[in-house]
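Visitor: one predicted model, sequence on top.
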Amino acid sequence: MTACQFKPASPMSFLDYLAVLLTCITGLVLFGAFYFLELGLNPFQPEQISLACTGDPTEMMVTWVTFSPTVNPTVEYNVHGEPLRFNAAGTMTKFKDGGWLHRVLYIHRTKLTGLKPDQSYDYRCGGDDLWSEMYTFKTLRSGEDWSPRIALYGDMGTDGQSLSLLTSEALNGNFDVILHVGDFAYNMDSDNARIGDKFMNQIQPIAARIPYMTCPGNHETAYNFSNYKNRFSMPSDDMFYSWNIGPAHIISISTEFYFFYREYGSEQIANQYKWLEADLKEATKKSNRAKRPWIITMGHRPMYCSNADGDDCTQNESKVRTGLNSKYGLEDLFYKYGVDLMVWAHEHSYERLYPVYNRKLCRSPLENAYINPCAPVHIITGSAGCKEHHDAFKPKYGPWTAYRALDYGYTRMKIHNKTHLYMEQVSVDKGGKIIDNVWITKHHHGPGAWIIPMK
Ligand SMILES: [Fe+2]
């Protein structure tokens, strides 16, 4: 038996060099494949397409995302059924998420102008020879004498329970506009903002066809709401804005200023309050109120609720209702200017309130409470179906609670005309069954309709 002999290393042969080279190339190919898979196959491919109203029925805002910069972001469009021979240039913003990966999204925005109201348009977005699939939207009707159909909900999350039914309704053209009342993806910033991408792609079949109007919720707070602000294109960058649709003036606010002022500044509460008062004053001018008598607000956290989770709305002196140190409370402001309806979410439940002000009912008995209501009506519709499931109810609740349910679902609203507004609650758990409905009839709008003296 001979002992093993240790051979000194020989210089690398051509084949060795070739092996190293092939290993490097394989690594690069694998890295590239991962990179493209991560970025959605092609980083120039438009995705996360959404529409937004500007308040002008001859306009439509189109927003989309790519993961590499597009040189000429463009929307090609034309009236439905015609070749896409018009195009509109847009802007591109580089958005760097605040997560540790600092992922970069390129946000593209194009405002289409000069459109005909009440007209269907085909469009696609992109540029540099890479385009989205074609979508169709319908512009809003002009004027006040028509009946907007609106979906209302909050707190949906990714794979939300209501997503499938809402998508079917969107494809059937059942809504003119969507109002998503805060709390979108749980959370948009999670997993280095990939959850935001997932959510925006999941709502694309809805939001690329129907204007998707929003307000921020507490799940959008990360990095000073940067995912929320970048991914949507509302009429204002301030997280509060108003716009008109048919016989209604809709006001969207941030209730989150009242809860994150230590992180992001208390001046936002005062700024929003001042803007709100000016906006309400204008909307309540005789000539404006005659045209658009319904004033509807949307904000994430309610003033009242009967849930058992200890949230702000369960407190007698909720911050949203009475303000911070009794300053900037919204209930008095909304009462003073005769806000008709307040739409809220945050509680993962559905709750309809009788007309109420300052924790007082204004009519007894309560039959016909919604015919010429003597105080504002509140609806909480936060049960679209996020991963946090339901917020249970307290067994005892205030006399202002008219109906409540823990079914997953969303609200349909139709503003029939200047005097009649209808809402119904869809239960996804019960296959789309209507579990609650209400007609609000108002022959007089504005603070003159109220009967409880202001405190
Ligand atoms: Fe919330």
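Guide: Yep, that arrived.

Visitor: got the phi and psi for the residue in the stretch 201-350 of the chain positioned nearest to the ion?
Guide: Here the residue of the stretch 201-350 of the chain nearest the ion is residue 346; by C-beta to the ion that distance is 3.8 Å. Backbone N, C-alpha and C define where each C-beta goes, glycine included. When read as degrees, to the nearest 10, the backbone of residue 346 gives phi 70, psi -50.

Visitor: quick one: residues contacting the nearest residue to it once chain neighbours are set aside.
Guide: Leaving out its chain neighbours, the residue that sits closest to residue 346 by C-beta to C-beta, 6 or more residues apart in numbering is residue 301, at 4.6 Å. Contact analysis of residue 301 by C-beta atoms under 8 Å, 6 or more residues apart in numbering lists 217-218, 255-256, 258-259, 311-313, 318, 320, 344, 346.

Visitor: show me which pair in those is furthest apart.
Guide: Within those, 217 and 318 form the most distant pair, 15.8 Å apart (C-beta to C-beta).

Visitor: return the set of buried residues in stretch 390-400.
Guide: Under the neighbour-count criterion of 16 or more other C-beta atoms under 10 Å, stretch 390-400 has 390, 391, 393, 397, 400 buried.

Visitor: actually stretch 169-186, not the one I wrote
Guide: Result for stretch 169-186 [16+ other C-beta under 10 Å]: buried residues 169-170, 175-186.

Visitor: could you give the mean pLDDT of that stretch?
Guide: Averaging pLDDT along stretch 169-186 yields 97.

Visitor: stretch 65-72 too?
Guide: On average, stretch 65-72 scores 93.

Visitor: please shift the residue numbers so they start at 563 in all later answers.
Guide: OK, 563 is where the count begins now, so the last one is stretch 627-634.

Visitor: now do that stretch: distance from first to last residue.
Guide: 13 Å (C-alpha to C-alpha, to the nearest Å).

Visitor: which bits of the protein sit near the ion?
Guide: 745, 779, 780, 908 (C-beta under 5 Å from the ion).

Visitor: OK, contacts around the first one?
Guide: Taking C-beta under 8 Å, 6+ apart as the definition of contact, the neighbours of residue 745 are 716-719, 779-782, 862, 907-908, 944, 948.

Visitor: now the third one
Guide: Contacts were defined as C-beta under 8 Å, 6+ apart; by that measure residue 780 touches 744, 745, 818, 821, 822, 862, 863, 908.

Visitor: if I look at the fourth one, how far off is residue 874?
Guide: It refers to residue 821. Here residue 821 is placed at a distance of 8 Å from residue 874 (C-beta to C-beta, to the nearest Å).

Visitor: now do the shared contacts for those two.
Guide: 863, 881.

Visitor: low-confidence regions, the protein specifically.
Guide: Applying pLDDT under 70 to the chain flags residues 563-574, 576-577, 579, 582, 585-603.

Visitor: recalculate using a threshold of 80.
Guide: Across the chain, the ranges flagged by pLDDT under 80 are 563-603, 690-691, 926-927, 949-950, 1017.

Visitor: for it, just list every one of the helices.
Guide: Here the chain has its helices, by DSSP state H, at 576-600, 725-733, 752-769, 784-793, 823-826, 829-845, 848-853, 881-884, 892-898.

Visitor: helices or strands up against the third one?
Guide: This means helix 752-769. strand 609-614, helix 725-733, helix 784-793 (3 or more C-beta pairs under 8 Å, 6 or more residues apart in numbering; DSSP states H and E).

Visitor: look up how far residue 922 lies from residue 930.
Guide: In terms of C-beta to C-beta, residue 930 sits 18 Å off from residue 922.

Visitor: do residue 887 as well
Guide: In terms of C-beta to C-beta, residue 887 sits 23 Å off from residue 922.

Visitor: before we move on, the earlier item: who's more crowded, residue 779 and residue 880?
Guide: Ranked by neighbour count (other C-beta atoms under 10 Å), residue 779 and residue 880 place residue 779 first, with 27 against 22.

Visitor: tell me the contacts of the residue lying closest to the more buried one once chain neighbours are set aside?
Guide: Using C-beta to C-beta, 6+ apart and skipping residues adjacent in sequence, the residue nearest residue 779 is residue 744, 2.7 Å away. Residue 744 is in contact with 716-717, 776-782, 817-818, 861-862, 907-908, counting by C-beta under 8 Å, 6+ apart.

Visitor: again, but for residue 902
Guide: 855, 856, 857, 858, 935, 938, 939, 983, 1002, 1004, 1007.

Visitor: pull the contacting residues for the second one.
Guide: Okay, so that is residue 856. 809, 810, 811, 902, 903, 977, 980, 983, 1004, 1007.

Visitor: rerun at 10 Å
Guide: Listed by C-beta atoms under 10 Å, 6 or more residues apart in numbering, the contact partners of residue 856 are 706, 710, 806-812, 845, 901-903, 977, 979-983, 1002, 1004, 1007.

Visitor: ok, the fifth one next?
Guide: Residue 935 makes contact with 902-903, 916-918, 924-925, 1002-1004, 1011-1013, according to C-beta under 10 Å, 6+ apart.

Visitor: again, but for residue 639
Guide: Contacts of residue 639 by C-beta under 10 Å, 6+ apart are 622, 624, 646-650, 672, 674, 677, 683-687, 696-699.

Visitor: could you report the neighbour count for the residue of the stretch 763-912 of the chain closest to the ion?
Guide: 28.
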